[in-house]
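Novice: Build me a structure from this.
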Amino acid sequence: MKKLFAALLFLLSLNAYAQNKPVVSQIKNENLVNLLSSVDTVYFKESNEIRVVLYQVDNGSGSAGIPGYEDVSTKFLVAVSEFGEIPDQSLFSVGDFLAPRIIKFSALKNNDCLLQIEHGAYQNRKKLSLNISLKKATVVANK
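Specialist: Residues are numbered from 1 along each chain as shown. From the prediction side, this is the model:
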């Protein structure tokens, strides 16, 4: 009898979960749709206290501003969040860059993250280092 009762409870619990059907809805916020459609790559990094999500976003055809070319410039959106139920969060925009390449993206011991980017035309590449914390993103070296 106990086994039958346990099996019945199990089947009822499965039925309760099966009732929850996923809801699919179209997002009509045009700015959000354009932004998410422009994301090229997403990177993640965590330290002991924060999580950093780096979105590489294309600015659109011709945005590099080179006459006669359709080259695209890129910016990075840097989302920083604490862990927990009600975390502090920040969002920073860094750019615009021509042909960026991430050299290093690492968590530091002081709960900050370091982002190093190489960018620019082939013969004139430059490097930028960015220190990222919960409250600010600071250029620490620009060569």
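Novice: Can you pull out the low-pLDDT segments for the chain?
Specialist: Across the chain, the ranges flagged by pLDDT under 70 are 1-19, 60-70, 143.
Novice: all strands of this protein, in order?
Specialist: Counting by DSSP state E, the chain has strands at residues 39-46, 50-58, 73-82, 89-98, 101-107, 113-119, 126-132, 137-142.
Novice: how about these in JSON lines, adding distance to V24?
Specialist: Placement of C-beta: from N, CA and C, glycine included. What follows is the strands of the chain, written out as JSON lines (distance: least, C-beta to C-beta, whole Å):
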{"stretch": "strand 39-46", "distance to V24": "21"}
{"stretch": "strand 50-58", "distance to V24": "24"}
{"stretch": "strand 73-82", "distance to V24": "25"}
{"stretch": "strand 89-98", "distance to V24": "27"}
{"stretch": "strand 101-107", "distance to V24": "34"}
{"stretch": "strand 113-119", "distance to V24": "35"}
{"stretch": "strand 126-132", "distance to V24": "35"}
{"stretch": "strand 137-142", "distance to V24": "35"}
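Novice: quick one, which of these is nearest to S25?
Specialist: Closest to S25 of the strands of the chain, according to C-beta to C-beta: strand 39-46, at 20.4 Å.
Novice: Convert the closest one to CSV, retaining C-alpha atoms only.
Specialist: Once non-C-alpha atoms are left out, strand 39-46 reads as follows in CSV (Å, rounded to 0.1, in the frame of the first residue of the first chain):
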residue,chain,number,x,y,z
VAL,A,39,26.6,41.2,-30.6
ASP,A,40,29.4,39.4,-32.2
THR,A,41,31.0,37.6,-29.3
VAL,A,42,30.4,37.2,-25.6
TYR,A,43,33.2,36.6,-23.0
PHE,A,44,32.8,35.8,-19.2
LYS,A,45,35.2,36.2,-16.3
GLU,A,46,34.7,35.8,-12.6
